[in-house]
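Peer 1: Quick one, what's the 3D model for this:
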Amino acid sequence: MAALARAELTLLGRSRSTLLSAVLVPLTLPVALRSAVSQMDLDEAGLDVGLVMLPASIGFSLLFGVYSALVGIYAARREELVLKRLRTGEPRDAEILAGAALPVVVTGLVQSLVLVAACTVVLDIPPPGAPHLAVLGLLLGLVLCAALGAVTATVTRTVESAQVTTLPLVLLSMTLSGVTVPLELLPDRLASVCALLPLSPVITLVRGGWTGDLSAYEALGAVATALAWTVLAVFAVRRWFRWEPRR
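Peer 2: Numbering: from 1, shown residues only. Alright, predicted model coming up:
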């Protein structure tokens with residue numbers, strides 16, 4: 001798996017389009033979002049610009065740096081028959097998928113840490129009240145987005161079509177998972193439904209890690225939701241992932 005990860009890291013460095021979406025997009029979107037967040041009425045929810053921007057930055061990194069990038073990578077390796085050839089060797093299926101995902105996941109982790117440091121300095125955010133929740137949310141988000149990337153790759157015919165097949169989850173997560181608009185600003189009934197979306201528990205844990213006002217019941221609910229989506233995604237990959245190109 002380490003050898004697969006090193007090879008994938010080399011290929012990642014040679015793909016300008018993947019680097020653009022995985023590295024530059026998550027770094028630039030928070031800058032564009034700041035003006036819109038500053039116009040929101042955040043006082044009633046007990047939030048400020050920094051407590052919205054920091055989880056949003058991590059959400060962008062997970063969506064574009066991990067999820068969208070992995071869909072294109074899996075589709076490309078399948079169309080090039082790389083996955084099919086690897087299955088004839090010693091690596092097991094899980095090792096092949098994990099080896100291909102490892103460089104992007106590590107990149108997403110480093111990128112998230114850089115964004116957290118930048119937001120803390122620029123927006124003068126205080127230290128997290130419950131750092132263990134923020135760390136747990138980030139780790140769950142990395143694993144979940146990697147699994148969802150493999151699921152989406154099953155319905156992605158080509159590398160080019162990955163830009164289309166990733167749009168539903170990206171748009172849904174950006175608008176209704178608390179990435180750009182906190183769930184606290186939505187009507188209670190709508191917020192309860194949106195809390196069940198895949199990326200919602202990740203954002204909830206990260207934001208709750210900084211505010212420190214997330215109760216044990218809410219934290220356990222968010223963890224259970226994230227784990228449920230992860231288990232469902234892993235089951236879908238084991239059941240429907242395609243290892244050969246569609247002809």
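Peer 1: For this structure, just list every one of the helices.
Peer 2: For the chain, helices defined by DSSP state H occupy the ranges 2-14, 16-19, 25-38, 49-60, 69-79, 82-87, 93-122, 131-153, 162-165, 167-176, 188-194, 200-211, 216-240.
Peer 1: Leu29 and Gly59 touch, don't they?
Peer 2: No: Leu29 lies out of contact with Gly59 (CB atoms under 8 Å); the separation is 9.4 Å. For the C-beta atoms, the positions are set from N, CA and C on the backbone; glycine is no exception.
Peer 1: which ones are touching the spatially most central residue of the chain?
Peer 2: Residue closest to the mean C-alpha point of the chain, counted by CA atoms, centre = their mean, is Leu62 at 2.4 Å. Taking CB atoms under 8 Å, 6 or more residues apart in numbering, we find Leu62 in contact with 108, 112, 141-142, 145, 199, 202.
Peer 1: Show me where the protein dips below the pLDDT cut-off.
Peer 2: 13-14, 16-22, 246-247 (pLDDT under 70).
Peer 1: let's see it at 50
Peer 2: Within the chain, not a single segment meets pLDDT under 50.
Peer 1: Next one: the residue nearest to the centre of the chain from Val116, what distance?
Peer 2: The spacing between Leu62 and Val116, counted by CB to CB, to the nearest Å, is 13 Å.
Peer 1: between the helices of the chain, which one is nearest to Pro182?
Peer 2: helix 49-60 (5.8 Å; CB to CB).
Peer 1: Distance from the chain centre to that closest one, please.
Peer 2: Averaging C-alpha positions (CA atoms, centre = their mean, to the nearest Å) puts helix 49-60 13 Å from its chain's average.
Peer 1: Which secondary structure elements does that helix sit against?
Peer 2: The contact analysis (3 or more CB pairs under 8 Å, 6 or more residues apart in numbering; DSSP states H and E) places helix 49-60 against helix 25-38, helix 93-122, helix 131-153, helix 200-211.
Peer 1: Run through who's touching stretch 160-170.
Peer 2: For stretch 160-170, contacts defined as CB under 8 Å, 6+ apart pick out 63-64, 67-68, 71-72, 75, 148, 152-153, 155-156, 198.
Peer 1: farthest pair in those?
Peer 2: Ala75 and Pro198 (19.9 Å).
Peer 1: For Val52, see how far away Ala233 is.
Peer 2: Distance from Ala233 to Val52, by CB to CB: 27 Å.
Peer 1: Between those two, point out the one with more neighbours.
Peer 2: For Ala233 versus Val52, neighbours defined as other CB atoms under 10 Å are more numerous around Val52 (28 against 21).
Peer 1: mind listing what the residue lying closest to the more buried one once chain neighbours are set aside touches?
Peer 2: Nearest residue to Val52, sequence neighbours excluded (CB to CB, 6 or more residues apart in numbering): Val37, at 5.0 Å. Contact analysis of Val37 by CB under 8 Å, 6+ apart lists 49, 52-53, 56, 180.
Peer 1: Of those residues, just say which sits nearest to Ala130.
Peer 2: Val52 (17.6 Å).
Peer 1: show me what contacts that closest one?
Peer 2: By CB under 8 Å, 6+ apart, the neighbours of Val52 are 37, 40, 42, 182.
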